[in-house]
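Asker: give me coordinates for this.
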Amino acid sequence: MSLLRSLPTSTISNLSLLNKCTVAIIEPIIIEIKGILEIAIQDVEALVGSVLDVVLYTVSGVLSLLDLCKLISAL
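Answerer: Residues are numbered from 1 along each chain as shown. Sure, this is the predicted structure:
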């Protein structure tokens with residue numbers, strides 16, 4: 001999943017203001033990105049020690065190798 005797809009539209013809009021960089025503009029964006037990354041890291045850490053079928057499980061079944069490769073290439 002792309003980080004930009006996870007960010008609210010308002011945050012993405014604020015990224016266009018980077019040519020006018022100030023702490024007031026950048027700080028809330030960085031705080032939001034940090035929060036998203038912290039949650040993602042916790043989710044990954046929760047999978048440590050799990051069997052591969054659990055890690056790759058989706059609503060429609062276990063990811064195929066091809067689907068996994070597509071996800072990784074989208075990063």
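Asker: what about Glu32, how many residues nearby?
Answerer: A count of nearby residues for Glu32, using other Cβ atoms under 10 Å, gives 16. For the C-beta atoms, the positions are set from N, CA and C on the backbone; glycine is no exception.
Asker: now the helices for this protein?
Answerer: 3-6, 9-15, 23-46, 52-55, 65-73 (DSSP state H).
Asker: in a markdown table, list those along with mean pLDDT.
Answerer: Output for the helices of the chain, formatted as a markdown table (pLDDT from 0 to 100):
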| stretch | mean pLDDT |
| --- | --- |
| helix 3-6 | 55 |
| helix 9-15 | 62 |
| helix 23-46 | 89 |
| helix 52-55 | 80 |
| helix 65-73 | 85 |
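Asker: what distance do you get for Lys34 to Val48?
Answerer: Per Cβ to Cβ, to the nearest Å, Lys34 is found 22 Å from Val48.
Asker: and what of Tyr57?
Answerer: Taken as Cβ to Cβ, the span from Tyr57 to Val48 is 16 Å.
Asker: which one's more surrounded, the two?
Answerer: Here Tyr57 and Val48 are set side by side on neighbour count (other Cβ under 10 Å), and the busier one is Tyr57, at 13 against 7.
Asker: so what's that one closest to, chain neighbours aside?
Answerer: In space, and not counting its chain neighbours, Tyr57 is closest to Leu63: 7.8 Å by Cβ to Cβ, 6 or more residues apart in numbering.
Asker: so that neighbour makes contact with Val54?
Answerer: No. With contact defined as Cβ atoms under 8 Å, Leu63 does not reach Val54; the gap is 11.5 Å.
Asker: of these two, who's got more company?
Answerer: Counted by other Cβ under 10 Å, Leu63 and Val54 do not tie: Leu63 has more neighbours, with 17 against 10.
Asker: quick one, what contacts that one?
Answerer: Leu56, Tyr57, Leu71 (Cβ atoms under 8 Å, 6 or more residues apart in numbering).
Asker: closest one of these to Ile41?
Answerer: Ile41 has its nearest neighbour among these in Leu71, at 17.6 Å by Cβ to Cβ.
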